[in-house]
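Student: Output the structure for:
(chains A, B, C and D)
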Amino acid sequence: MKLTLLYFASLADRAGCAAETLDSVARTPRELYAEVAQARGFGFAVEHLRVAVNGAFVSWDAPLAAGDEIVFLPPVSGG
Amino acid sequence: MKLTLLYFASLADRAGCAAETLDSVARTPRELYAEVAQARGFGFAVEHLRVAVNGAFVSWDAPLAAGDEIVFLPPVSGG
Amino acid sequence: MNGEAGDARGQAAMPMKRFQLSEEPIDVGAERPALDHAAAGAYASFEGWVRDHNDGRAVQRLDYQAYAALASTEGEAILDEALVRFRVREARCVHRVGRLAIGDLAVWVGVSADHRGDAFEACRWIIDEVKRRVPIWKNEHYVDGESGWLHPDNRPAEGV
Amino acid sequence: MNGEAGDARGQAAMPMKRFQLSEEPIDVGAERPALDHAAAGAYASFEGWVRDHNDGRAVQRLDYQAYAALASTEGEAILDEALVRFRVREARCVHRVGRLAIGDLAVWVGVSADHRGDAFEACRWIIDEVKRRVPIWKNEHYVDGESGWLHPDNRPAEGV
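Tutor: Numbers count the residues shown, from 1 in each chain, chains lettered A, B, ... in the order given. From the prediction side, this is the model:
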């Protein structure tokens, strides 16, 4: 199914882009991250990331649906 | 000896004046307060007041000298 | 007479969000009227400024990047939660995004309350939560020409 | 690089007192530059406003009376002590005297520091000490026409 990923901060730098659309068989954010981290060379373990789907935080094992917008969020540093 | 007293807040209201000069034989602020409290009808016990002489906090048993300016300070309510 | 009453009344009078991302310099004076309240005797505020150094390195400027959609809802959730957790009248926060120079105001938090203890505690809690939860990232540009995204790694992300 | 260094350097550059009594409205914007510091990332402030009620009574206005000579030295001592006790860069306080109306700013405290925890703690400590130690008294004028000096009697004066 088609999924959209947005990248921020060091993940965007590493990916070389702010967004991409891909076809994936991943059923959960956890499976998707494993796939993308290998392809893009992301170094973060999932325990150091949060994940959002369609603009809301979700669990790593939440089900994904076609057309979802997924964001892997590295540790924040605002303020 | 001649002493000057300044009054603030409810003590000024009770005394009916902001300052007075008087002759006293009081050797300490404690003795002076006993004398003045009786004359003026002040209700505060010394434990609820602080006392300053010549612009600095002092002990109730500090010695007084002629010409001293004494202030009995009721509990404060700034801020 | 706490924040909940203010909420109910504020639907019409206070359409503005409590949390805002801003690409323009933060105008604290313009934010303040939202916190005025005849019954509120205490106002506590916090401002975070861009420092000229961090971790021993000389900083020249920095960029803040936000995942805007989620940062807005998460920031709003923090302020709404503050109004429930603390006895405060109103609370606001503005966070800059984009390019900032040394001495620029990066984040402002303002809280009004009847009593100063509540104002201080809520203000402190809000800035702590904003720094912990809101998806905003800082890219520091150092005087030596290098730059880097800050991802505090001493604390794993919590919850979901 | 804490307040003590700032003190030494500040003798010439910073002739103004850290604590001020003011018969005029407090201009926070005019006070702020004294707290700017390129190394200070955090600024915490407190403002105390005149409330429209106290202890269940409707307040119309109030007067602050100070024993000015001692209030100035005691206020200054509190701020100097804050620079020693806390890792802050600068700290200031202005307290109004005279007649104030509802919503007027009665007291302002501002603190700059490298880290927010120190800024918050010092700011809170300063306002607590000012309220506890500085000889200023509040005379509340109530809507019903009565008035009265506030002398909190639940805590005896300490020390000397």
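
Student: How about the contacts made by residue A:22?
Tutor: When contacts are counted by CB atoms under 8 Å, 6 or more residues apart in numbering or on different chains, residue A:22 touches A:2-3, A:5, A:36. All C-beta spots, glycine's among them, are computed from the backbone N, C-alpha and C.

Student: And the pLDDT at the residue most central in space within chain A?
Tutor: The C-alpha lying nearest the average C-alpha coordinate of chain A belongs to residue A:72 (CA atoms, centre = their mean; 3.5 Å). Per-residue pLDDT puts residue A:72 at 98.

Student: what do you get for residue C:56?
Tutor: On the pLDDT scale, residue C:56 gets 85.

Student: what number of residues lie near the closest residue to chain B within chain A?
Tutor: Closest residue of chain A to chain B, CB to the nearest CB: residue A:79 (29.0 Å). The number of residues packed near residue A:79 is 23, by other CB atoms under 10 Å in any protein chain shown.

Student: Quick check, the residue in chain C closest to chain A?
Tutor: Closest contact between chain C and chain A, by CB to the nearest CB, is at residue C:136 (3.0 Å).

Student: Test my guess that residue A:9 contacts residue A:74.
Tutor: Yes. Using CB atoms under 8 Å, residue A:9 is in contact with residue A:74, at 5.5 Å.

Student: so what's in contact with the two at the same time?
Tutor: Common neighbours of residue A:9 and residue A:74 (CB under 8 Å, 6+ apart) are C:137, C:149, C:151.

Student: For the residues you listed, pick the one with the most neighbours.
Tutor: Within those, residue C:137 tops the neighbour count with 24 neighbours, counted by other CB under 10 Å.

Student: and chain C, which of its residues are near chain D?
Tutor: Within chain C, the residues that sit near chain D (CB under 8 Å from any CB of the partner chain) are C:29, C:36, C:38-53, C:102-103, C:114, C:116, C:119-120, C:123-124, C:127.

Student: ok, which of those also contact chain A?
Tutor: Within the residues of chain C next to chain D, those near chain A by CB under 8 Å from any CB are C:48, C:127.

Student: Okay, and which of the residues of chain C next to chain D map to helices?
Tutor: When DSSP state H defines the helices, the subset of these inside them is C:29, C:116, C:119-120, C:123-124, C:127.

Student: which one in these is the model shakiest on?
Tutor: Note: of those, the lowest pLDDT belongs to residue C:29, at 90.

Student: Just to check, the residue of chain A closest to chain B is in contact with residue C:133?
Tutor: No. Using CB under 8 Å, residue A:79 makes no contact with residue C:133, being 10.5 Å away.

Student: Show me what the nearest residue to residue C:115 once chain neighbours are set aside is bridged to.
Tutor: Excluding its sequence neighbours, the residue lying closest to residue C:115 (CB to CB, 6 or more residues apart in numbering or on different chains) is residue C:42, at 5.8 Å. In this entry, residue C:42 is beta-bridged to residue C:113, residue D:48, by DSSP bridges.

Student: need the contact list for residue C:81.
Tutor: Shown in contact with residue C:81 (CB under 8 Å, 6+ apart): residue C:129.

Student: and it, what pLDDT?
Tutor: Per-residue confidence (pLDDT) for residue C:81: 98.

Student: Check residue A:14 too.
Tutor: pLDDT recorded at residue A:14 is 95.

Student: Tell me if it really is in a strand.
Tutor: No. Counting by DSSP: H, G, I helix; E, B strand; the rest coil, residue A:14 is not found in a strand; it is helix.

Student: ok, whichever residue of chain C sits closest to chain B - how many residues close by?
Tutor: Of all residues in chain C, residue C:116 sits closest to chain B, at 8.3 Å by CB to the nearest CB. For residue C:116, the neighbour count with other CB under 10 Å is 22.

Student: do residue C:69 as well
Tutor: Using other CB under 10 Å, residue C:69 has 16 neighbouring residues.

Student: Assign it to helix, strand or coil.
Tutor: helix.

Student: does chain C sit close to the helix or strand hosting residue A:51?
Tutor: In the assignment (DSSP states H and E), residue A:51 maps to strand A:50-53. Yes. Where contact is defined by CB under 8 Å from any CB, part of strand A:50-53 touches chain C, namely A:50-52.
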